[in-house]
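> this one's structure only:
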């Protein structure tokens, strides 16, 4: 499994594992987090890695596989996709989804988490996040219990946080039964644009409502608190923006602060 990596510039006390969307690669998100695509950041304004010098960032590359919604084309994909775009309500109904593919990718995430734990970073100092497909994967990894795993992790994982950008809840009929007992106490940052034409904004709203109403996960405005901090970005499409990156960084500063001593 290849990954783009941003190494910490201070003592390494926390890790973020961030997964890309369909057809993308980890390197593009490394560049995004580093602000390399931006032309509107002020010269003295710090990027996320500069604000979080103690954090190691890992951006894994998804395996290449056939994607049904793209006429069976081979591309980097965490799991097969049967419908594009994801329209309001669609992801919460009984439509085909690649259960096996999601579980296999959760195992990839678990292996990356285990590698960080073996290197001395406790689970409570690890955040998983992702964009689009990667956001789906981060939800299954960070809020899902052992029933999401192809092999048990022993005690259920409890990570420092989960970040979902332009994502959705997968497999509604199974997600509830596979939830981790720690899910309600995990801080979640969720950002979504109102002009998203790939994963429609209403689909994200319905996903958050499902997690709140069916699973008892709170929705609030407090950055880094247990539950979901749902942020809306007006006129943003299926992409990120500087404000979302700044909000994500503030969330990470809250859940994996620099002052922690291992």
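Thanks, I have it. Since the model is a prediction, treat every value here as computed from it, not as a measurement.
> Quick check on residue 122: phi, psi?
phi -70, psi 160 (degrees, to the nearest 10).
> what about it, distance to residue 80?
34 Å (Cβ to Cβ, to the nearest Å). Any C-beta I mention is one placed from the backbone N, CA and C, and that applies to glycine too.
> Look at these two and report which has more neighbours.
Neighbour comparison, residue 122 and residue 80: the larger count goes to residue 80, with 19 against 16 (by other Cβ atoms under 10 Å).
> Quick check, the more buried one in contact with residue 99.
No - using Cβ atoms under 8 Å as the test, residue 80 is too far from residue 99 to be in contact (9.9 Å).
> what about residue 111, which SS state?
Following DSSP: H, G, I helix; E, B strand; the rest coil, the label given to residue 111 is helix.
> so what's it closest to, chain neighbours aside?
Once flanking residues are discounted, residue 111 sits nearest to residue 1: 7.4 Å by Cβ to Cβ, 6 or more residues apart in numbering.
> Wait, that neighbour touches residue 107, no?
No - counting by Cβ under 8 Å, residue 1 does not reach residue 107; the two are 10.8 Å apart.
> So between the two, which is more surrounded?
Taking neighbours as other Cβ under 10 Å, residue 1 and residue 107 compare with residue 107 leading, 16 against 12.
> contacting residues for the more buried one?
149, 150, 151 (Cβ atoms under 8 Å, 6 or more residues apart in numbering).
> now do residue 233
Contacts of residue 233 (Cβ under 8 Å, 6+ apart): 191, 192, 193, 194, 241, 243, 244.
> mind running it again at 7 Å?
191, 193, 194, 241, 243, 244 (Cβ atoms under 7 Å, 6 or more residues apart in numbering).
> likewise residue 223?
Here residue 223 is in contact with 229, 250, 251, 254 (criterion: Cβ under 7 Å, 6+ apart).
> Now do the same for the residue nearest the centre of the chain: helix, strand or coil?
Nearest to the centroid of the C-alpha atoms of the chain, with distances taken as Cα atoms, centre = their mean, sits residue 129, at 2.3 Å. Here residue 129 is recorded as strand under three-state DSSP.
> Need the nearest residue in space to it, chain neighbours excluded.
residue 163 (2.9 Å).
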